[in-house]
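Enquirer: Below: sequence and its predicted model.
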Amino acid sequence: MPELPEVEVVRRSLKKIILNKEIVNVELLHKNILNDNYEEFKKALIGYQFEDVLRFGKYLVFVLNNDYVLISHLRMEGKYRVVGNKPYSKHEHLIYTFKNGETLRYDDTRKFGRIDLRLKSNYLKTKPLNQLGAEPNDLDIDVFYNKLQKTKRPIKVSLLDQTIIAGLGNIYVDEVLFLSKILPTRISNEVTYDEAKAIKRNAIMTLEKATKLGGTTIHTFSATDIDGLFQNELLVHTKKGHPCIVCGNLIIKTKVSGRGTYICEHCQK
DNA sequence: ACGTCCTCCTGTTCGC
DNA sequence: TGCGAACAGGAGGACG
């Protein structure tokens, strides 16, 4: 799925096209997508407008011009698109219709994505956002280092843990660990303070660059149907059998905690 | 409390 | 080529 850069690309493009348009109808075609009561959900939406779209880590927050927000997580394959009045396609599960006839559609092949309805007054203090850690930009290095000190999980698993650092997923963790010269299997509490600083620095750099390039498009993900370009910049992820750009040794693919993982065994220690 | 595994789904790629 | 197995950018819950 989309990681922080891809979600940010989605947020920016949605902001340009969905704000301040009255919602006249909502259709939920797959009920598991919504974590809350559908009737309340409709009541919170119909007759109102989106007045902003925010992002926290990999979560999108649609701000309504009333007391509510919608918190949307795309998980592996969720996408939004805005189109006119054409037939729904196979994996569109949630349709918002605007007064001008346009529709905002949530498409999710694997149906993993989830949406929560929350009150503006406390949505940062309740699930799912209350547990979210800081994004790399805002990460306090001492807090980060101390969290790593408290766990014996592999460092990759800790970096995928959104309560420790928000926004990284399987692709960018591999890239950041390569740039930081750290093996993904290293035990978290053996990562040094300087290495933690390197992780923060490389995470900021990687996510910024990826966002500028419109995110990474592998497999099927694209932000509002437009492909990103960061896949052309990947150093290790998906690069099995390619020479490492630093030392020339071949990149290998392994598994860490069930996730496909790409490393240079020579550069990463 | 912590770490590991399973699960939710569907479509595509891999390996024999 | 065919076919089943493994895998895909996530995370919450069960279990030991």
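Expert: Structure's in. What do you need?
Enquirer: Tell me where the stretch 101-250 of chain A has strands.
Expert: In the stretch 101-250 of chain A, strands defined by DSSP state E, counting those that start in this stretch lie at A:103-107, A:114-119, listed in chain order.
Enquirer: Identify the spatial nearest neighbour of the closest residue to DNA strand B within chain A, chain neighbours not counted.
Expert: Using Cβ to the nearest atom of the strand, the single residue of chain A nearest to DNA strand B is A:Arg110, 3.1 Å away. In short, each C-beta sits where N, CA and C put it, glycine included. Nearest non-adjacent residue to A:Arg110, counting by Cβ to Cβ, 6 or more residues apart in numbering: A:Glu77, 5.0 Å away.
Enquirer: Could you export the strands of the stretch 101-250 of chain A as CSV, including mean neighbour count?
Expert: Formatted as CSV, the strands of the stretch 101-250 of chain A follow (neighbours: other Cβ atoms under 10 Å):
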stretch, mean neighbour count
strand A:103-107, 21
strand A:114-119, 19
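Enquirer: looking at those, which is closest to A:Gly167?
Expert: Of all the strands of the stretch 101-250 of chain A, it is strand A:114-119 that lies closest to A:Gly167, at 17.6 Å by Cβ to Cβ.
Enquirer: Show me what from chain A comes close to DNA strand C.
Expert: A:1-3, A:6, A:57-58, A:73, A:75-76, A:110, A:112, A:128, A:131, A:160, A:162, A:169-171, A:215-221, A:228, A:255, A:259-260 (Cβ under 7 Å from any atom of the strand).
Enquirer: domain ranges for chain A?
Expert: A:4-129, A:136-263 (automatic domain parsing).
Enquirer: Now the weakest link among the ones you listed, please, by mean pLDDT.
Expert: Mean pLDDT is lowest for domain A:136-263 among the domains of chain A, at a mean of 93.
Enquirer: For DNA strand B, tell me whether it is touching it.
Expert: Yes. Domain A:136-263 lies within reach of DNA strand B by Cβ under 7 Å from any atom of the strand, at A:Lys150, A:Thr151, A:Lys152, A:Arg153, A:Pro154, A:Val157, A:His219, A:Thr220, A:Ser257, A:Gly258.
Enquirer: Roughly how far does whichever residue of the stretch 51-200 of chain A sits closest to DNA strand C sit from A:Ala210?
Expert: The nearest approach of the stretch 51-200 of chain A to DNA strand C comes at A:Gly169, 2.2 Å away (Cβ to the nearest atom of the strand). Distance of A:Gly169 to A:Ala210, computed by Cβ to Cβ, to the nearest Å: 11 Å.
Enquirer: cool, A:Glu39 as well?
Expert: 39 Å.
Enquirer: Give me the more crowded residue out of these two.
Expert: Counted by other Cβ atoms under 10 Å, A:Glu39 and A:Ala210 do not tie: A:Ala210 has more neighbours, with 26 against 8.
Enquirer: distance of that one from A:Gly248?
Expert: A:Ala210 is 25 Å from A:Gly248, by Cβ to Cβ.
Enquirer: ditto for A:Ser180
Expert: To A:Gly248, A:Ser180 is 20 Å away according to Cβ to Cβ.
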